[in-house]
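# got a structure for you, letters missing:
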Ligand code: SAM
């Protein structure tokens, strides 16, 4: 008999993956967790019924959430990742020679532990005890409240705005993020699909825009996520991605990211511009 795991992407649309093995199925203190081997995407991580990452497409997400803010900043030394328990964003961040310190704060130690066991490629920087990386288990919201004028780049690699991730999509959290950044700091958060999650995308864009002098949205193709068209909201204190010129050489290989993507990711289709800058309606 065939076995499947299913994400209900909307009340009217499911994404169903045929799996050969369920390697882990259980509950942490914060969420339901499934790790399974699928035929199409290889090994997959699911949290609270939502596909988070897969061995086959993880590079699309992790390279875009990490390299775009890090290459926008001319000298990113201190990086903070909120969430990102699978370790993929941390793995990409430590590859930048300019980066001296990466702190990752995920609320769920179980996700970190399972990723080390089942996703060794994704969690490579954690597994190898990379000297630049500090991993903390704790609430990113509380952590951010305490930080001030310290980080060059903050990456919020969170789950959807339900459960423990809910407070990561609020005006108060973005205010704390602004405070935690240095005077030329950059913040990026994954903000779902501009095609399917229109209300959330507009609300986050407006909230970040009320705090940061430069607020931009960029998109990337993430096959596993709803509609495949994913977006990231960026708040920046000084550097504008729309006037970016290459400021250093890329010293490592990437499968998705390149200098063209650094620019083109911010070129938005008209329906997305209308969503962000047009009259607000639900
Ligand atoms: N890259 C994948 C994606 O976006 O789908 C995976 C993201 S990562 C697995 C999301 C992480 O955010 C989870 O491990 C979850 O535990 C963490 N998270 C959710 N709420 C959090 C909070 N308040 N503070 C810190 N981490 C949080």
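Cool, the structure landed. Since we're looking at a predicted model, the values are computed, not measured. Residues are numbered from 1 along each chain as shown.
# Give me the sheet partners of the helix or strand where residue 51 lies and which way each runs.
Here residue 51 is covered by strand 50-54, with elements defined by DSSP states H and E. Strand 50-54 has the following strand partners under DSSP bridges: strand 42-47 (antiparallel).
# So for the strand it pairs with, what gets flagged as buried?
Residues 43-47 are the ones in strand 42-47 that count as buried (16 or more other CB atoms under 10 Å). Placement of C-beta: from N, CA and C, glycine included.
# And for stretch 159-175?
Those would be 159-161, 164-165, 168-169, 173-174, for stretch 159-175 by 16+ other CB under 10 Å.
# residue ranges of the strands in the protein, please?
Secondary structure of the chain, counting by DSSP state E: strands at 3-10, 13-27, 32-38, 42-47, 50-54, 78-83, 101-106, 133-137, 151-157, 181-190, 214-221, 229-236.
# wait, which of the ones you listed is closest to residue 120?
For the strands of the chain, the distance to residue 120 is smallest for strand 42-47, at 10.1 Å, taking CB to CB.
# surely residue 36 meets residue 18?
No. Residue 36 lies out of contact with residue 18 (CB atoms under 8 Å); the separation is 9.8 Å.
# Residues of the chain that sit close to the ligand?
47, 52-53, 61, 82-86, 88, 105-108, 111, 139-141, 157-159, 164-165, 167-168, 190 (CB under 6 Å from any ligand atom).
# of the residues you listed, buried ones?
47, 52-53, 61, 82-86, 88, 105-108, 111, 139-141, 157-159, 164-165, 168, 190.
# Just give the closest residue to the residue nearest in space to the middle of the chain, not the sequence neighbours.
With distances taken as CA atoms, centre = their mean, residue 157 lies nearest the centre of the chain, 3.1 Å away. Distances taken as CB to CB, 6 or more residues apart in numbering place residue 84 nearest to residue 157, at 3.6 Å, with adjacent residues excluded.
# Now do residue 187 against residue 173, distance only.
10 Å (CB to CB, to the nearest Å).
# correction: residue 135
Between residue 135 and residue 173 the distance is 21 Å, computed by CB to CB.
# Show me what residue 5 is bridged to.
Bridge pairing for residue 5 - DSSP bridges - gives residue 17.
# I'd like the distance between it and residue 44.
According to CB to CB, residue 5 and residue 44 sit 7 Å apart.
# Tell me the residues that contact both of these two, please.
17, 19, 34, 36, 38 (CB atoms under 8 Å, 6 or more residues apart in numbering).
# Now do the same contact list for the residue lying closest to the third one once chain neighbours are set aside.
Translated: residue 34. Nearest residue to residue 34, sequence neighbours excluded (CB to CB, 6+ apart): residue 46, at 4.1 Å. Counting by CB under 8 Å, 6+ apart, residue 46 touches 5, 7, 32-36, 52.
# want to throw these into JSON lines with distance to residue 227?
Below are those laid out as JSON lines (distance: CB to CB, whole Å):
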{"residue": "5", "distance to residue 227": "19"}
{"residue": "7", "distance to residue 227": "12"}
{"residue": "32", "distance to residue 227": "23"}
{"residue": "33", "distance to residue 227": "24"}
{"residue": "34", "distance to residue 227": "22"}
{"residue": "35", "distance to residue 227": "24"}
{"residue": "36", "distance to residue 227": "22"}
{"residue": "52", "distance to residue 227": "16"}
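# just the buried members of the residues you listed?
5, 7, 33-36, 52.
# Could you tell me the angle between the longest helix along the chain and strand 78-83?
Criterion DSSP state H: the longest helix present in the chain is helix 58-72. If you take axes from the mean of the first three to the mean of the last three CA atoms, to 10 degrees, helix 58-72 sits at 150 degrees to strand 78-83.
# Which elements pack onto helix 58-72?
The helices and strands touching helix 58-72, judged by 3 or more CB pairs under 8 Å, 6 or more residues apart in numbering; DSSP states H and E, are helix 88-93, strand 151-157, strand 181-190, strand 214-221, strand 229-236, helix 259-264.
# Having no further points to raise, I will conclude here.
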